[in-house]
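>>> Let me see the structure of the following:
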Amino acid sequence: MIYVKDIMSREVKTISSKATVYEAAGAMARFGIGSLVVMSDGELVGILTEGDVSRSIARNMDPNTTQVVKAMSKPLVVIGPDARVEEAAKLMAERHIKKLPVVEDGRLVGIVTQTDIVASSYDLVTTLKEMVLARYRPPDFQP
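Numbering: from 1, shown residues only. Purely as a prediction, here's the structure:
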């Protein structure tokens, strides 16, 4: 069984809810990431994604003056590190989201994405295939 803690990224970039959308977009570009977890007074309050940035601009919100709190996705959907990967995938599908902050005891400990889940599924299938082939392949088999 694979758990969220096995595939999550432990380094999560955050941004203040008071930062501007422009500052957030710059941070995403600088770090090469598609989202930032939004914090306010040490608390997780939302997530800002590339889609949120695009939507805010499409709504004629000025990225130079609009605070992240006005453009972010909320309520924040989170998952625990001991949840199974299948649970994370199901939650993402049900809520139509691509990223889940991972929270333990109210503290941000990581983030898991659809890409992480797909990669772990591919690794699992590849490992199972190798195990099956090793078990049923004749000892003198030469590929």
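
>>> So for stretch 54-68, mean pLDDT?
For stretch 54-68, mean pLDDT rounds to 97.

>>> Stretch 17-33 too?
97.

>>> Which positions within that stretch qualify as buried?
17, 19-21, 23-25, 27-28, 33 (16 or more other C-beta atoms under 10 Å). Where you see a C-beta, it was placed from the backbone N, CA and C, and this is true even at glycine.

>>> What helices and strands are in contact with the helix or strand hosting L91?
According to DSSP states H and E, L91 maps onto helix 85-95. Contacting helix 85-95 under the criterion 3 or more C-beta pairs under 8 Å, 6 or more residues apart in numbering; DSSP states H and E are the following elements: helix 4-7, strand 99-104, helix 114-136.

>>> okay, the angle between it and strand 99-104?
130 degrees (axes from the mean of the first three to the mean of the last three C-alpha atoms, to 10 degrees).

>>> List the contacts of helix 85-95.
2-4, 6-7, 77, 79, 97-98, 100, 112, 114, 117, 120-121 (C-beta atoms under 8 Å, 6 or more residues apart in numbering).

>>> what stretches of the protein score poorly on pLDDT?
Regions of the chain meeting the criterion pLDDT under 70 cover residues 122-129, 131, 136-143.

>>> one more time with 90, if that's ok
Applying pLDDT under 90 to the chain picks out residues 1-2, 74, 118-143.

>>> Tell me the secondary structure at I47.
strand (DSSP: H, G, I helix; E, B strand; the rest coil).

>>> List the residues that contact G80.
By C-beta under 8 Å, 6+ apart, the contact set of G80 is 4, 102-104.

>>> related to what we said a few turns ago, looking at the buried residues of stretch 17-33, which one is closest to T49?
Nearest to T49 among the buried residues of stretch 17-33: M28, at 8.7 Å, using C-beta to C-beta.

>>> Next up, identify which helix or strand the closest one is on.
Going by DSSP H and E, M28 is part of helix 21-31.

>>> before we move on, back to that, which of the contacts of helix 85-95 count as buried?
3-4, 7, 79, 97-98, 100, 112, 117, 120.

>>> Understood, closing this out.
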